[in-house]
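Asker: make a model of this:
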Amino acid sequence: MAITYIFQDIKRYLKSNGASKYKVILFHPPCRFMLTLRACQYFSKFNPVGVIFRIWNKRMKVKYGFQFAPTCKIGKGLYMAHYGNIVINSKVVLGKNCTISQGVTMGNTKRGKNIGNPTVGDRVWIGTNSVIVGEIKIGNDVLIAPLTFVNFDVPDKAVVAGNPAQIINYKGSEGYIENAIE
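Answerer: Below is the predicted model:
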């Protein structure tokens, strides 16, 4: 499953950058990181090839500021336009065709009513420096504005903004999710 998702991820980067396949794979940091992450998810950590990919992935985490655990579940077509300080907890679930900006944190809460990790739906656009925490569900076609702190369930097609977050309207992420993969 992770290997087939690699090609879906690459397609999204190719459509967005307009560069050749080799240039995107070799020189675009978020795409390179996703390749190593998907390979880590595919190969066992005890497989020699898996060990090599885990070492390479660890190096890229430090170099580019990504912190995704290989155990998180990420749907096909994840797109990160910029790199730097993106933190995804090991138990977060991301749907397909999500777009994540720099500075985003998705993690767990260890106290309160929403103890656990978030589940994010399909075609969700998450803005710069947003924080999503707790065992919450983010619906499909949701737009989370930059600098938003989300700790409650968000229905489909909602636009969420602010700290604390509030639902602004129900126009969703239409027009923000570019080059979605079917």
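Asker: pLDDT weak spots in this structure?
Answerer: Scanning the chain for pLDDT under 70 picks out 1-2, 16-19.
Asker: show me where this structure has its helices.
Answerer: With DSSP state H as the criterion, the chain has helices at 2-17, 21-27, 29-42, 48-64.
Asker: the first one to helix 29-42, inter-axis angle?
Answerer: Spelled out, that is helix 2-17. Interaxial angle of helix 2-17 relative to helix 29-42 (axes from the mean of the first three to the mean of the last three CA atoms, to 10 degrees): 170 degrees.
Asker: before we move on, back to that, what's the most buried one of the helices of the chain?
Answerer: helix 29-42 (a mean of 22; mean count of other CB atoms under 10 Å). (Glycine included, C-beta is placed from N, CA and C.)
Asker: which residues does that one contact?
Answerer: By CB atoms under 8 Å, 6 or more residues apart in numbering, the list of residues contacting helix 29-42 from outside reads 1-3, 5-6, 9-10, 13, 24-26, 49-50, 53-54, 56-57, 60-61, 63-64, 66, 68, 70, 74, 78-83.
Asker: dump the helices of the chain into TSV; add distance to residue 92 as well.
Answerer: Shown next, in TSV, are those (distance: least, CB to CB, whole Å):
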stretch	distance to residue 92
helix 2-17	16
helix 21-27	25
helix 29-42	13
helix 48-64	16
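Asker: out of these, the one nearest residue 140 is which?
Answerer: Taking CB to CB, helix 2-17 is the member of the helices of the chain nearest to residue 140, at 17.3 Å.
Asker: what about that closest one, distance to the chain center?
Answerer: Here helix 2-17 is found 13 Å from its chain centre; the criterion is CA atoms, centre = their mean, to the nearest Å.
Asker: need the contact partners of it.
Answerer: Residues outside helix 2-17 that contact it (CB under 8 Å, 6+ apart) are 21, 23-25, 28, 30-31, 34-35, 38-39, 41-42, 74-79, 81, 96-97, 178-181.
Asker: what do you get for stretch 52-69?
Answerer: Contacts of stretch 52-69 with the rest of the structure, by CB under 8 Å, 6+ apart, involve 29-30, 32-33, 36-37, 39-40, 43, 45, 70, 74, 80, 83-90.
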